[in-house]
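# here is my input, please return the structure:
(2 chains)
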There are 2 protein chains.
Amino acid sequence: MENKKALVLFSGGLDSTTVLHHAISKGYTCIPLTIDYSQRHSYEIESSQKYLKIINLKGHIFKIDLTQIGGSALTDKEINVPTEMNPGIPVTYVPARNTIFLSIAAAYAEKMSIDQIFIGVNQIDYSGYPDCRPDFIDSFKKTINLGTKTGVDGKQLEINTPLINMSKKDIIKYGHNMGIDYSQTVSCYQLDREGNACGHCDACKLRKEGFLLAGLEDPTRYKN
Amino acid sequence: MENKKALVLFSGGLDSTTVLHHAISKGYTCIPLTIDYSQRHSYEIESSQKYLKIINLKGHIFKIDLTQIGGSALTDKEINVPTEMNPGIPVTYVPARNTIFLSIAAAYAEKMSIDQIFIGVNQIDYSGYPDCRPDFIDSFKKTINLGTKTGVDGKQLEINTPLINMSKKDIIKYGHNMGIDYSQTVSCYQLDREGNACGHCDACKLRKEGFLLAGLEDPTRYKN
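The predicted structure follows:
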């Protein structure tokens, strides 16, 4: 019997919300996993759980305080979130974040006998993070299957990245067609306490441009 | 100029203590990293820090509560630590533990501009954990260099596993020759509050046998 369960890394952002609905549309029973890494934009956690309540899905929250390490504008309050997009890897890059997140997801998946993980990484309209590229994902998959019981037992833990080659415009169109209400999702790196987006960070810029190119109204609540 | 700093995953156990002294003997300035994963044998953390005090080395402790996931006798108190060694992967296996630990170590290393990580994994006299094998370590190294700024910047994060092909006997002899006082190290999965070892779990058995075969007195404090 096919295992139709999937663990979906879910931040409540535009990409991971689209991935969640994609997995649901493919017939998976989805278990969303939200990582509370003490990120600057802690409203993200609250918002993600609100969203799951709306669609009546129960998820897990895993807490890992990455401010213990720091080294990123998202995990060290002394480093400001930039308002300009520049070439190269920006200071919002969190060291080894997706390796850490996928490892945690793999541990959950193994514990729950799930062999499908979904993650909303994207290499087209993204912030230049190295851990969003297909080479990394392919390599991680090999590694985790070597380093877990799942792999030794002859099963394969699959890492699904349905958005990896899509532009932000296409992601938004795809989600819109699935009926996603993006007003309930957040992307901004420095949301205020009411969940209003700054409109200036990389995440806001990519999101804004995506709606513009998709020819759809941007439902994001921006700060005045 | 060569970067002679090394981050050493350090639990205060026999293997990681030997690795720490190995790295010191090779001329590295060592930064020990202890992972407090809310393990059953929480005395391990206390003991590791006592040891570092003795050798006058300052380390980091990273807290990640893996009981949030469970699925192992070390992270779920409902699962007992076995007293018999059996073929296959035992219930003391913690899902994806070394992938998680190495990812965290890689994040620290990147933050601190360190390109050498040391870990005391061993595939000879070990508990059958898949994430202690060379194939896994090699694959992890590739993955982390694809998924971090370090790799993109054209540097290589190195994962050093000096004990991987050594028997427990040889590890003990090697450490003994370096002058390590193994009475200050702990291996047991179910240490009591005073740090006495049970003498029956896999870790105790492998350790006992190692001293026996090395022809050295076992300085471990066992429960009466």
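# please make it C-alpha for all contacts and neighbour counts, starting now.
OK.
# quick check: residues of chain A near chain B?
A:62-65, A:68-71, A:89, A:95-100, A:103-104, A:106-108, A:110-111, A:130-133, A:135-136, A:139-140, A:142-144, A:146-149, A:152 (Cα under 8 Å from any Cα of the partner chain).
# just the buried residues out of those residues, in ChimeraX syntax.
In ChimeraX, this line selects whichever of the residues of chain A next to chain B come out buried by 16 or more other Cα atoms under 10 Å in any protein chain shown:
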select /A:62,64,65,68,69,70,71,89,95,96,97,98,99,100,103,104,106,107,108,110,111,130,131,132,133,136,139,140,142,143,144,146,147,148,149
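# in helices, which of the residues of chain A next to chain B fall?
Counting by DSSP state H, those place A:97-100, A:103-104, A:106-108, A:110-111, A:135-136, A:139-140, A:142-144, A:146, A:149, A:152 in helices.
# now the strands for chain A?
For chain A, the strands defined by DSSP state E occupy A:5-9, A:29-36, A:60-63, A:116-118, A:158-160.
# just tell me which of those strands ends up closest to A:Asn80.
A:Asn80 sits nearest to strand A:29-36 of all those, at 20.0 Å, using Cα to Cα.
# for chain A, where's the lowest mean pLDDT among helices and strands?
Among the helices and strands of chain A, helix A:149-152 carries the lowest confidence by mean pLDDT, DSSP states H and E, at a mean of 88.
# now it: how far from the chain's centre is it?
25 Å (Cα atoms, centre = their mean, to the nearest Å).
# put the alpha carbons of that helix into PDB.
Extracted in PDB, the C-alpha atoms of helix A:149-152 (Å, rounded to 0.1, in the frame of the first residue of the first chain):
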ATOM      1  CA  LYS A 149      17.300   3.900   9.400                       C
ATOM      2  CA  THR A 150      14.900   4.600   6.600                       C
ATOM      3  CA  GLY A 151      17.800   4.400   4.000                       C
ATOM      4  CA  VAL A 152      19.300   1.400   5.600                       C
END
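# what about the closest residue to A:Ile61 other than its chain neighbours, how many neighbours?
Once flanking residues are discounted, A:Ile61 sits nearest to A:Thr34: 4.7 Å by Cα to Cα, 6 or more residues apart in numbering or on different chains. By the criterion of other Cα atoms under 10 Å in any protein chain shown, A:Thr34 has 22 neighbours.
# just send the strands of chain A back as CSV, with mean pLDDT and distance to B:Ala23 too.
Output for the strands of chain A, formatted as CSV (pLDDT from 0 to 100; distance: least, Cα to Cα, whole Å):
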stretch, mean pLDDT, distance to B:Ala23
strand A:5-9, 98, 37
strand A:29-36, 98, 34
strand A:60-63, 97, 32
strand A:116-118, 98, 37
strand A:158-160, 98, 35
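# just give me the neighbour total for A:Lys223.
Burial of A:Lys223 is recorded as 12 neighbouring residues (other Cα under 10 Å).
# of the strands of chain A, give the one that comes closest to A:Gly179.
Among the strands of chain A, strand A:29-36 sits nearest to A:Gly179 (Cα to Cα), with 17.5 Å.
# name the helices or strands packed onto the closest one?
Contacts defined by 3 or more Cα pairs under 8 Å, 6 or more residues apart in numbering or on different chains; DSSP states H and E place strand A:29-36 against strand A:5-9, helix A:14-25, helix A:43-54, strand A:60-63.
# mean pLDDT lowest for which of those?
Sorting the helices and strands packed on strand A:29-36 by mean pLDDT places helix A:43-54 lowest, at a mean of 94.
# which non-adjacent residue is nearest A:Phe140?
B:Thr143 (5.5 Å).
# now do the contacts for that neighbour.
B:Thr143 sits next to A:Phe136, A:Ser139, A:Phe140, A:Thr143 when contact means Cα atoms under 8 Å, 6 or more residues apart in numbering or on different chains.
# cool, A:Gly195 as well?
Counted by Cα under 8 Å, 6+ apart, A:Gly195 has contacts A:Tyr43, A:Ser47, A:Val186, A:Arg221.
# between the residues you listed, which has the most around it?
Within the contacts of A:Gly195, neighbour counts (other Cα under 10 Å) peak at A:Val186, which reaches 28 neighbours.
# what about the nearest residue to that residue once chain neighbours are set aside, how many neighbours?
In space, and not counting its chain neighbours, A:Val186 is closest to A:Gly13: 4.8 Å by Cα to Cα, 6+ apart. By the criterion of other Cα under 10 Å, A:Gly13 has 22 neighbours.
# fine by me, we can end here.
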